[in-house]
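A.B. asks: Sequence and predicted structure below; questions after.
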Amino acid sequence: MLHSTLLSPNSPGFRPDDLFKAADLSAVYEVACRLKAASLAGDTGDRPLLGKNIALLRSRPPEAQPSMLDRAALDLGARVAHVRLGPPIEPNGIQFRGLSQMLGRLYDAIDCASLTPAEVRQIERHAGVPVFDDLESAGHPARAMADLMTLREHGCTPGPYMQIAFLGDPLSRRAENFFDLARAAGIRLRQFDPSGTTDGVEFVVDALDADRWVLHAPRGLIDAAECSENHRFVLRAMLLVTMNGA
């Protein structure tokens, strides 16, 4: 099952719980592909989230450079506010409920990073707007979707003879999400011993470095910038589908 999505029940087309089936994200994948095709054709779109406000709840001040999520939201016309969290508040208390309700009145969506699952769940419960659990993190399905999108663009299409060799920890959040999305797409995965060989397998995901996955296609190593670009399109699609019902 896919982890770390946590979207509000107000979000059209999504389940009001903390775990998603791969089918729930098929619309996001289709929109991401459509956004990329339009971009390659020179169509930058009409900024469909113009006038929308997104709060990024963070425990630290923002970095000097805009994050991937910042850029994805701005691409769609949304305004982004970095809201720095103060001292911890009891998630089940009245004060936390009041904070969540206030955020819901001020913002059209909320992304939570560095919060416990209980805290995110309470914000989701009381804010009344779409709530994400660290949308741009490696453990969110958006990252795994970008990995799969990149491989599919290089010819890894569903079929009885198509498979992906996986090297690394299959129990990491990113790996579990990737496995679920690949299976839902009809693509088989095989876990390989890092000391062995992947001869005969056209597509390889080298996740031995959990922080830096390396993707291989028949023509060789795939540039990491391609996956990063696709991650941005997937983030845009996630925001668009969730906030605009696209």
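C.D. replies: Perfect, thanks for sending it.
A.B. asks: so what's the most centrally placed residue in the chain scoring on pLDDT?
C.D. replies: Among the residues of the chain, the one closest to the centroid is Ala142, at 2.0 Å (CA atoms, centre = their mean). As predicted, Ala142 sits at a pLDDT of 94.
A.B. asks: centre of the chain versus whichever strand or helix holds it, how much separation?
C.D. replies: Counting by DSSP states H and E, the element that carries Ala142 is helix 141-153. Relative to its parent chain, helix 141-153 has a centroid offset of 10 Å by CA atoms, centre = their mean, to the nearest Å.
A.B. asks: Remind me what whatever helix or strand comes next after it packs against, helices and strands.
C.D. replies: Once the chain leaves helix 141-153, the next helix or strand it forms, by DSSP H and E, is strand 163-168. Using 3 or more CB pairs under 8 Å, 6 or more residues apart in numbering; DSSP states H and E as the contact criterion, the elements in contact with strand 163-168 are helix 173-184, strand 188-191, strand 203-207. The way it works is simple: take the backbone N, C-alpha and C, and place the C-beta from them, glycine included.
A.B. asks: Could you pull out the buried residues of the shortest one?
C.D. replies: This means strand 188-191. Judged by neighbour count using 16 or more other CB atoms under 10 Å, the buried positions of strand 188-191 are Leu189.
A.B. asks: which other residues reach the helix holding Ala142?
C.D. replies: Helix 141-153 is contacted from outside by 2-5, 20, 25, 28-29, 32-33, 135-137, 156, 164, 174-175, 177-178, 180-182, 185, 187, 203, 205, 213, 215, 217, 222, 226-228, 230-231, 233-235, 238, using CB atoms under 8 Å, 6 or more residues apart in numbering.
A.B. asks: Can you select the buried ones among the residues you listed for me in ChimeraX?
C.D. replies: Buried residues among the contacts of helix 141-153 (16+ other CB under 10 Å), as a ChimeraX selection:
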select :2,3,4,5,20,25,28,29,32,33,135,136,137,156,164,174,175,177,178,180,181,182,185,187,203,205,213,215,217,222,227,230,231,233,234,235,238
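A.B. asks: Met102 is in contact with His126, correct?
C.D. replies: No: using CB atoms under 8 Å, His126 is not in contact with Met102; the gap is 9.6 Å.
A.B. asks: The helices and strands packed on strand 163-168 into CSV, with extra columns for distance to Ser59 and mean pLDDT?
C.D. replies: Formatted as CSV, the helices and strands packed on strand 163-168 follow (distance: least, CB to CB, whole Å; pLDDT from 0 to 100):
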stretch, distance to Ser59, mean pLDDT
helix 173-184, 20, 92
strand 188-191, 35, 90
strand 203-207, 27, 95
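A.B. asks: what does the average pLDDT come to for the longest helix along the chain?
C.D. replies: Secondary structure of the chain per DSSP state H: the longest helix is helix 224-244. Helix 224-244 comes out with an average pLDDT of 94.
A.B. asks: Could I have the CA atoms of that helix written out in PDB?
C.D. replies: In PDB, the C-alpha atoms belonging to helix 224-244 read as follows (Å, rounded to 0.1, in the frame of the first residue of the first chain):
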ATOM      1  CA  ALA A 224      19.100  12.600 -12.700                       C
ATOM      2  CA  ALA A 225      17.800  15.900 -14.000                       C
ATOM      3  CA  GLU A 226      15.100  14.100 -16.000                       C
ATOM      4  CA  CYS A 227      13.700  12.500 -12.900                       C
ATOM      5  CA  SER A 228      13.900  15.800 -11.100                       C
ATOM      6  CA  GLU A 229      12.000  17.500 -13.900                       C
ATOM      7  CA  ASN A 230       9.400  14.800 -13.800                       C
ATOM      8  CA  HIS A 231       9.100  15.100 -10.000                       C
ATOM      9  CA  ARG A 232       8.200  18.800 -10.500                       C
ATOM     10  CA  PHE A 233       5.500  17.800 -13.000                       C
ATOM     11  CA  VAL A 234       4.100  15.200 -10.600                       C
ATOM     12  CA  LEU A 235       4.000  17.800  -7.800                       C
ATOM     13  CA  ARG A 236       2.100  20.200 -10.100                       C
ATOM     14  CA  ALA A 237      -0.300  17.400 -11.000                       C
ATOM     15  CA  MET A 238      -0.800  16.400  -7.400                       C
ATOM     16  CA  LEU A 239      -1.700  20.100  -6.500                       C
ATOM     17  CA  LEU A 240      -3.800  20.500  -9.500                       C
ATOM     18  CA  VAL A 241      -5.900  17.300  -9.100                       C
ATOM     19  CA  THR A 242      -6.300  17.800  -5.400                       C
ATOM     20  CA  MET A 243      -7.100  21.600  -5.300                       C
ATOM     21  CA  ASN A 244      -8.800  22.000  -8.700                       C
END
